[in-house]
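Novice: A structural model of the following input is requested.
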Amino acid sequence: MTEPIRLAEIAHARSGDKGNHANIGVIAFSEEGFRHLGKVLTEVRVAEFFLPLRPSEVRRYALPGIHAYNFVLKNVLGGGASRSLRTDSQGKTLSLALLEMRIPALEGAGMNDDG
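Specialist: Alright, predicted model coming up:
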């Protein structure tokens, strides 16, 4: 059995805010990586990963045309940019955190050629 890998090995990500909610776009480097993420990067796994932020709901939206998934995390920003006292009140670093998630390895293909 292969060791788990960092999500960053098969995808990159961006994140931002909409009021008190955050969204994280995870874009696979390949179509095979996108299919693999569809199996292993679930709403439940993302909710568990961000459990310290206590999301009230996590929704996943597939964007197959660009090999991506968009995750919406409800009520994770401590009130949002204008009310939160958190360092990252706009959720800009959430994508970097998610890229550190360990996931099952994708055998052979789909890896970033640089890494």
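
Novice: note down every partner strand of the lowest-mean-pLDDT helix or strand in the chain and its orientation.
Specialist: None of the helices or strands of the chain scores lower by mean pLDDT, DSSP states H and E than strand 11-18, at a mean of 88. Within its sheet, strand 11-18 is paired with strand 21-28 (antiparallel), according to DSSP bridges.

Novice: just checking the distance from the partner strand to the centre of its chain.
Specialist: Computed by C-alpha atoms, centre = their mean, to the nearest Å, the chain-centroid distance of strand 21-28 equals 5 Å.

Novice: surely residue 24 meets residue 98?
Specialist: Yes - Residue 24 is in contact with residue 98 according to C-beta atoms under 8 Å; the separation is 5.6 Å. Any C-beta I mention is one placed from the backbone N, CA and C, and that applies to glycine too.

Novice: overlap in contacts of the two?
Specialist: Taking C-beta atoms under 8 Å, 6 or more residues apart in numbering as the contact rule, residue 24 and residue 98 both touch 13, 15, 46, 71.
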